[in-house]
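Colleague: my questions concern the predicted model and sequence given below.
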Amino acid sequence: MKPKLAAFPKCFMDELCVDRTMSLAAWIDLAAGLEVDGLEFYVGFLQDGPTFLAETKRALERHQLAMPMLCCSPDFTQPDPVLLQREIERERRMIELTAYFGGRYCRVLSGQRRPEVTREVGVDRVVGAITSLLPFAEEHGVVLTMENHYKDNYWVHPEFAQKMDVFVEIVNRIDSPWFGVNFDPSNTILAGEDPLELLEQVKHRVVTMHASDRYLKSGTIEDLRAEEDVAGYADRLAHGVIGRGMNDYDKIFSTLAAEGFDSWISIEDGMDGMDDLRESVRFLREKIDRHFAD
């Protein structure tokens with residue numbers, strides 16, 4: 001079976017999450033014309049009340065769109081035990097909401113790379129937090145997906161497990177059918193590493209994928225690294241139309257196809273509008289048809 005396509009609106013993050021000038025219902029209506037199978041939600045899109053949730057579910061159903069993946073950013077490197085437990089409880093609620101919308105996958109992250117948190121302590125803390133959530137995830141039929149990540153839109157520090165060796169160590173310490181990898185090749189490039197090398201190490205654990213292509217509007221990867229400890233993404237970093245960036249999608253998709261991957265691929269694009277997002281859908285449909293069997 002071929003993978004299905006979802007869309008994630010990087011172009012409307014602030015409109016949906018910060019200034020609320022776009023409603024989630026409006027995004028669903030707009031995305032209905034993209035010829036995708038579903039929409040990935042971000043935690044910041046949601047209002048946790050019964051009326052909002054029911055209306056959102058009806059909007060998805062009206063357009064026959066799935067909500068397969070909920071994009072969450074738990075901060076599991078929190079040194080304060082009270083705040084760490086709050087992050088865990090928040091992720092539990094996100095698991096419930098994933099199941100409410102009929103989704104199968106709920107993202108987890110490692111957390112922020114705080115200067116005072118050592119690698120050993122951070123890895124133990126992240127593994128402990130994710131492992132504690134697995135029985136709850138299983139109870140709700142939801143798989144926790146850990147992404148090789150760069151940085152949440154609204155964090156100060158970059159991802160604790162941004163580097164491949166830390167990410168793989170955490171993944172290898174959690175052996176459960178309710179835990180897998182959300183592979184994002186662009187984030188590996190931002191870490192200064194080879195996405196194909198990471199994919200080789202985790203290909204058997206990949207359960208979902210973020211498809212994106214990124215580029216630097218100015219400067220170098222080293223310039224970007226010097227700006228990591230600012231709130232949100234650095235201004236020099238941009239998402240672009242998929243297929244026009246640095247990722248080798250023929251190699252990525254052929255590797256995943258050989259592993260029997262048939263899950264969801266979520267498009268992160270559209271920074272310059274819906275036309276870019278449509279072009280990314282067209283590119284990915286063509287590549288999926290080329291590399292995956294029906």
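Modeller: Here it is on my side, so go on. Numbers count the residues shown, from 1 in each chain.
Colleague: which parts of this protein are strands?
Modeller: Taking DSSP state E as the criterion, the chain contains strands spanning 4-9, 38-39, 41-42, 69-71, 105-108, 143-147, 179-183, 206-211, 213-216, 237-240, 264-269.
Colleague: okay, these in CSV with mean neighbour count and distance to residue 29 next?
Modeller: In short, each C-beta sits where N, CA and C put it, glycine included. Below are these laid out as CSV (neighbours: other CB atoms under 10 Å; distance: least, CB to CB, whole Å):
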stretch, mean neighbour count, distance to residue 29
strand 4-9, 23, 12
strand 38-39, 24, 11
strand 41-42, 24, 15
strand 69-71, 26, 20
strand 105-108, 26, 24
strand 143-147, 25, 27
strand 179-183, 24, 26
strand 206-211, 24, 23
strand 213-216, 18, 26
strand 237-240, 19, 22
strand 264-269, 25, 18
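Colleague: which stretch among the ones you listed comes nearest residue 293?
Modeller: Nearest to residue 293 among those is strand 4-9 (14.4 Å), distances taken as CB to CB.
Colleague: how about residues contacting that closest one?
Modeller: 16, 27, 31, 34, 36-40, 42, 66, 68-69, 71, 210, 263-268, 270, 277, 281, 284-285, 288 (CB atoms under 8 Å, 6 or more residues apart in numbering).
Colleague: quick one on the thing from earlier: lowest average pLDDT across the strands of the chain?
Modeller: In terms of average pLDDT, strand 237-240 trails the rest of the strands of the chain, at a mean of 70.
Colleague: in stretch 76-88, what counts as buried?
Modeller: 76-78, 84, 87-88 (16 or more other CB atoms under 10 Å).
Colleague: one more: stretch 7-24?
Modeller: Along stretch 7-24, these residues count as buried under the neighbour rule (16+ other CB under 10 Å): 7-13, 16-17, 22-24.
Colleague: what's the farthest-apart pair in the buried residues of stretch 76-88?
Modeller: The widest separation within the buried residues of stretch 76-88, taken as CB to CB, falls between 77 and 88 and amounts to 12.4 Å.
Colleague: helices and strands of this structure: which one bottoms out on pLDDT?
Modeller: In the chain, no helix or strand scores lower on mean pLDDT, DSSP states H and E than helix 221-226, which sits at a mean of 68.
Colleague: for residue 135, see how far away the spatially closest residue to residue 53 that is not a sequence neighbour is.
Modeller: With sequence-adjacent residues excluded and distances taken as CB to CB, 6 or more residues apart in numbering, residue 53 is closest to residue 100, at 6.4 Å. The gap separating residue 100 from residue 135 is 19 Å, by CB to CB, to the nearest Å.
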